[in-house]
Every structure is written in C-alpha cells, then in structure tokens.
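Student: 3D model of this:
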Amino acid sequence: MILGELIKRLIGVERPVTNLFPVKYMPPSLKDLLAKVERGEAQTNPPVPTPAKFRGKITYEREKCIGCRQCLRVCPSKAIKFKEEEEKIEIYVSRCTFCSLCNDICPVNCLHMDEEDFLLSDGEKFSEKLTVKD
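Tutor: This is a model prediction of the structure:
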C-alpha cells in the first residue's frame, strides 16, 4: 500500500499533500526574494488548504461546561485535568493526541477541534500557549 502511494507520487499521478517551498528553486538570498515578491517580480507557491474536519488545537467553551468529567474518562493520553475548585477542566495540548474522543463524548459540545489553529510548537512543555483553560 505504501509502495503504491510512493510510486504514484514519484511519477506524478497524484500531487504531494505537503506544502511546497515558497518558490521553485532555493534563492541565494531570502531577503532578496521577499523584496522581489513585494515588488511583484517573483511569485510564491500558495499554501495547501486545510482539509475538512481537520483536527487542530482543542478549543474549550468554559461557560458551557457542566463539569461532567466524561472527557477525562475517554482521554487516552490523560491530557485533561479536572479542577475541583472551579468544576472546570484544563487541557494540556502537549500531551494531546488529537483523537477527538473528548469532543465526541461531550454532552454539551463545549469542546471543539479548531481547523485553523494548529501551529503548536513551544520550548516549554507546559507553557500557557499549550494549555487550554478558557
């Protein structure tokens, strides 16, 4: 199966699904390339569109949450922590496997997968950027 996919990509039957480098050939200077793009002398490749039902970063609608803890029970990576004092949850995106089980089981639909926010890199494992609280 993988060999078939590889052959299709190599001979050009199917297009690659990854983003191409912004230009066909590596320029000698990236600054010069960006200046040419601004002046309209060069063009860049457009980004690959996000597919439908893409599983990006989890969004949490705190006010809708009823504190039922169903999401904690189904999370295979233990990325969700229940905060007893607030009766709300906290999600550690660095642990999340983006399986969407928590979204599927939530009775009030307060959890969603964001189709646009998916660039989730950070130097710290538990940074504020990788923790969903609100």
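Student: Tyr92 contacts Ala79, correct?
Tutor: Yes. If you go by Cβ atoms under 8 Å, Tyr92 and Ala79 touch, sitting 5.0 Å apart. For glycine as for every other residue, the C-beta is placed from the backbone atoms N, C-alpha and C.
Student: ok, these two, which is more surrounded?
Tutor: Counted by other Cβ atoms under 10 Å, Tyr92 and Ala79 do not tie: Ala79 has more neighbours, with 21 against 16.
Student: just say helix, strand or coil for Thr59.
Tutor: strand (DSSP: H, G, I helix; E, B strand; the rest coil).
Student: now do Lys81
Tutor: Relying on three-state DSSP, one would call Lys81 strand.
Student: which residue is the nearest non-sequential neighbour of it?
Tutor: Glu90 (4.8 Å; Cβ to Cβ, 6 or more residues apart in numbering).
Student: A helix includes that neighbour, no?
Tutor: No. Counting by three-state DSSP, one finds Glu90 to be strand, located in no helix.
Student: measure it to Gly4 for me?
Tutor: Distance, Glu90 to Gly4, by Cβ to Cβ, to the nearest Å: 43 Å.
Student: that concludes my questions; thank you for your assistance.
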